[in-house]
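In: Here is my input; please provide its structure:
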Amino acid sequence: MGAPVKTPDLAVVDYFPLGAFSYCTITTTPGDKDNDQIDFGVYGNPGFLSGYKIYAAYLILKYGEIRDSSGSENRLSGDQYITIRKTGGGTPVNAIKLPGDTFRVPASSQNPGGEIHGNIDIKSVLTGPAEYYIRWSSAVSVGNNLEINWYQLILRVIYVRG
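Out: Next up, the predicted model:
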């Protein structure tokens, strides 16, 4: 007879948006960039894992490239936040802080993609199975036409047994 199987004390699950990759252009005029919704516990997605509780939750921003077509060096203008809230209500909570120097790109050129891992724990927002709405509030750049191509926001949930 084999040894009993031990359930891990920690589980990490990434939840992906309902849609495909997104694209946005940021200009010198502040504007909200509405992003996708993340399914957490509906439409067959497991949501809360049986026998586990949420220890922490974070957003991750993945992007394919940053491009400038303004003719001068470009970057975000001032600190900005990507927020998350439960769809249909709830107060938006800051999830990723983007410092003002983020996405620096030389004039009329492009930089390769990367990832930005949010360091703000957003577990308090995840109150139960639902869709969660993500928004980049008041996105603004130093110059016009700062393009973020092929980006996606991922919800990473860390569970502990108990």
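
In: hmm, who's touching the lowest-mean-pLDDT helix or strand in the chain?
Out: Using mean pLDDT, DSSP states H and E, strand 31-40 stands out as the lowest-scoring helix or strand of the chain, at a mean of 78. Strand 31-40 has contacts (CB atoms under 8 Å, 6 or more residues apart in numbering) with 15-19, 22, 24, 26, 45, 47, 82, 84, 87, 126, 129-140, 152-155, 157. For glycine as for every other residue, the C-beta is placed from the backbone atoms N, C-alpha and C.

In: Give the PyMOL command for selecting the buried subset of those.
Out: Buried residues among the contacts of strand 31-40 (16 or more other CB atoms under 10 Å), as a PyMOL selection:
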select buried, resi 15+17+22+24+26+47+82+84+126+130+131+132+133+134+135+136+139+140+152+153+154+155+157
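
In: List the ones among the contacts of strand 31-40 that fall in strands.
Out: When the contacts of strand 31-40 are checked against strands (DSSP state E), the matches are 15, 22, 24, 26, 82, 84, 130-139, 152-155, 157.

In: before we move on, back to that, may I see the buried residues of the least confident helix or strand of the chain?
Out: Applying 16+ other CB under 10 Å to strand 31-40 flags 33, 35-40 as buried.

In: what's the first-to-last distance across stretch 99-116?
Out: 11 Å (CA to CA, to the nearest Å).
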